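Enquirer: Predicted model follows, preceded by the sequence.
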Amino acid sequence: QGQVHLGIRKYQPTSDMPSYELIYFGIAGRAINTRLAFSVGKIEFKDTRLTFPEFGKKKAEFPYGQVPVLLVDGKPLAQSAGILRFVGKLAGLYPSDPFEAAKVDEYICEPIIILFTIIHASLAEHSCLVYSRNAADALEDLFAPVGMTFAPEKWGLAKWADEKEKLACRKKINEDIMPPVLAKIEKNLKETTKNGYSVGGKMSIADINIYTMVSSLKKGFLDGIDKTIADKYPTLISIFETVGKNEQVAAWIEAHKKK
């Protein structure tokens, strides 16, 4: 059922402020960046967490039949990237300078490119139909191809022959594909990072996105991928550590640890 969160503060909307309700599942997934942006900005919101059966019953009510959805005074806003940018602007986590804003957009895409590269290579290595959407579309809808690597049969593709086949593919990705992608991101970040933040010397939604991407890798989000693979890239790790030390981020993560 729906829960209400702001770090560890209680949700108490007032008549002179918009109400915000973020609807997603009880997992990090596509909602974690927005949840953290709300928290960093100290913006109260209702964090509604659906069970999968509840989503099935409500699916037709949502734009595009997907979540997350953000209700702003009851009006729906869909698509995770659009929601994140909207909340980032409210929270002071999106630059007003057009060039800096574009760099934030660039860095929002780059960490997703890492995961998309893994996914695309997995499917290419797997002797079945490769997911053929172009990169821009894939960045808008990352978790559909993620689902393909974990359970390709759900997408009309051949199953992995066994766990050994899947892990052999992931080993190649871990050793041959991920390092050059991470190296390119590290090089780009090194040119713009200041004070432990990727753009403009202060926290933005790009930094939150980098934080959650590195966190996912460290937690073993993709089996067969080395949990320490990002540790060789000091600028990437410096952003991860800086965001992780933020008081609101730390409070949110602590309050929502799996018991």
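Expert: Cool, got the structure.

Enquirer: and the strand or helix carrying Phe55, what's its mean pLDDT?
Expert: Secondary-structure element containing Phe55, defined by DSSP states H and E: helix 52-58. In this model, helix 52-58 has a mean pLDDT of 93.

Enquirer: Restricting the selection to alpha carbons, write it to PDB.
Expert: The C-alpha trace of helix 52-58 is given here as PDB (Å, rounded to 0.1, in the frame of the first residue of the first chain):
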ATOM      1  CA  PHE A  52       2.500  -6.100  -8.400                       C
ATOM      2  CA  PRO A  53      -1.100  -7.300  -8.100                       C
ATOM      3  CA  GLU A  54      -2.200  -3.700  -7.200                       C
ATOM      4  CA  PHE A  55      -0.400  -2.400 -10.300                       C
ATOM      5  CA  GLY A  56      -2.200  -5.000 -12.400                       C
ATOM      6  CA  LYS A  57      -5.500  -3.700 -11.300                       C
ATOM      7  CA  LYS A  58      -4.600   0.000 -11.700                       C
END
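
Enquirer: Okay, buried residues for it please.
Expert: Within helix 52-58, the residues scored as buried using 16 or more other C-beta atoms under 10 Å are Phe55. Where C-beta positions appear, they are placed from N, C-alpha and C, glycine not excepted.

Enquirer: Please apply the same query to stretch 231-249.
Expert: Within stretch 231-249, judged by 16+ other C-beta under 10 Å, the buried ones are Tyr233, Thr235, Leu236, Ile237, Ser238, Ile239, Phe240, Thr242, Val243, Asn246, Gln248, Val249.

Enquirer: Same question for stretch 33-52.
Expert: 33-41, 43-50.

Enquirer: where do the strands sit along the protein?
Expert: 2-5, 20-25, 45-50, 69-72, 75-78 (DSSP state E).

Enquirer: now the last one, how far from the centre of its chain.
Expert: What that stands for is strand 75-78. Relative to its chain's centre, strand 75-78 lies at 19 Å (C-alpha atoms, centre = their mean, to the nearest Å).

Enquirer: Direction included, what does that strand pair up with?
Expert: strand 69-72 (antiparallel) (DSSP bridges).

Enquirer: I would like the C-alpha coordinates for the strand it pairs with, written out in PDB, please.
Expert: Output of strand 69-72 as PDB, limited to C-alpha atoms (Å, rounded to 0.1, in the frame of the first residue of the first chain):
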ATOM      1  CA  VAL A  69       3.800   8.300 -12.300                       C
ATOM      2  CA  LEU A  70       4.000  11.600 -10.400                       C
ATOM      3  CA  LEU A  71       0.700  13.200  -9.500                       C
ATOM      4  CA  VAL A  72       1.000  16.900  -9.100                       C
END
